[in-house]
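Trainee: Make a model of this:
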Amino acid sequence: MKLGARLLTKTCILSGFTLLEMSSAMAVLMILSSALLAMLQQHVLLMQLSQRQSFLTSEAPKIGNLLIRIMNGADHYFIYADKAAALGNGVPILGGGSAVKLFFNSATQTFSSCVLSVELTSSGPALRCYTPQNGGTATAWTVSGKVASAEFFNADGILAVTLHGPNGELITYSGGAR
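Mentor: Model prediction:
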């Protein structure tokens, strides 16, 4: 039995790691962990940038599709300083307005209209479309709730709108003059 115990003791002593081996393993692990930490920081920065640019990558194409379809169908338009002036048939301006009234010629040679306007709602600024009805009321729907502001202007006879995104983005859409 003494011989077996002695062999077991020698085996345990011989199977350990030296101080040099442990130090080199710890150094390799520290280098790997610092590289992973740097990669994690870069990933977090990339995700933050992606979230800040989400207006341009996801919302702006949808808004553009709707605006171009609406503006290209218009026969003529008037730009107004605000929604109240557009719905109340106020005095139109040449540019720099926050609302535009678009007129559409129907098959019966009558005109219908809609008003595009940026206004402050309970959930923040929104680009909305109003369609005046016969009874003096207007139906409305939201084109986008992620627009900070908008400016409608006449660019050489073509209706243009510059949208301001929530993070300072600027994007301009044009169309709608005939």
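Trainee: what's the average pLDDT for the longest helix seen in the chain?
Mentor: In the chain, with assignment by DSSP state H, the single longest helix is helix 19-52. In this model, helix 19-52 has a mean pLDDT of 93.
Trainee: cool, and stretch 88-98?
Mentor: 85.
Trainee: start the count at 34, not 1, going forward
Mentor: Sure, I'll start counting at 34 from here, so that last one is stretch 121-131.
Trainee: Just the buried residues of that stretch, please?
Mentor: By neighbour count with 16 or more other Cβ atoms under 10 Å, stretch 121-131 contains the buried residues 125-126, 130-131. Heads up, the C-betas are built off the backbone N, CA and C, glycines and all.
Trainee: What's the end-to-end length of it?
Mentor: The straight-line separation of the ends of stretch 121-131 (Cα to Cα, to the nearest Å) is 14 Å.
Trainee: Distance from the chain centre to that stretch, please.
Mentor: Offset of stretch 121-131 from its chain centre (Cα atoms, centre = their mean, to the nearest Å): 27 Å.
Trainee: center of this protein, which residue is that?
Mentor: Centrality entry for the chain: nearest residue to the mean C-alpha point is Phe88, 1.0 Å, by Cα atoms, centre = their mean.
Trainee: contacting residues for the closest residue to that residue other than its chain neighbours?
Mentor: Using Cβ to Cβ, 6 or more residues apart in numbering and skipping residues adjacent in sequence, the residue nearest Phe88 is Gly198, 4.0 Å away. Counting by Cβ atoms under 8 Å, 6 or more residues apart in numbering, Gly198 touches 88-89, 92-93, 179-181, 204.
Trainee: Now do Gly198 against Gln86, distance only.
Mentor: 9 Å (Cβ to Cβ, to the nearest Å).
Trainee: Show me the shaky parts of this protein.
Mentor: For the chain, residues meeting the criterion pLDDT under 70 lie at 34-47, 209-211.
Trainee: quick one, domains of it?
Mentor: The record's domain parsing of the chain by automatic domain parsing lists 35-84, 87-207.
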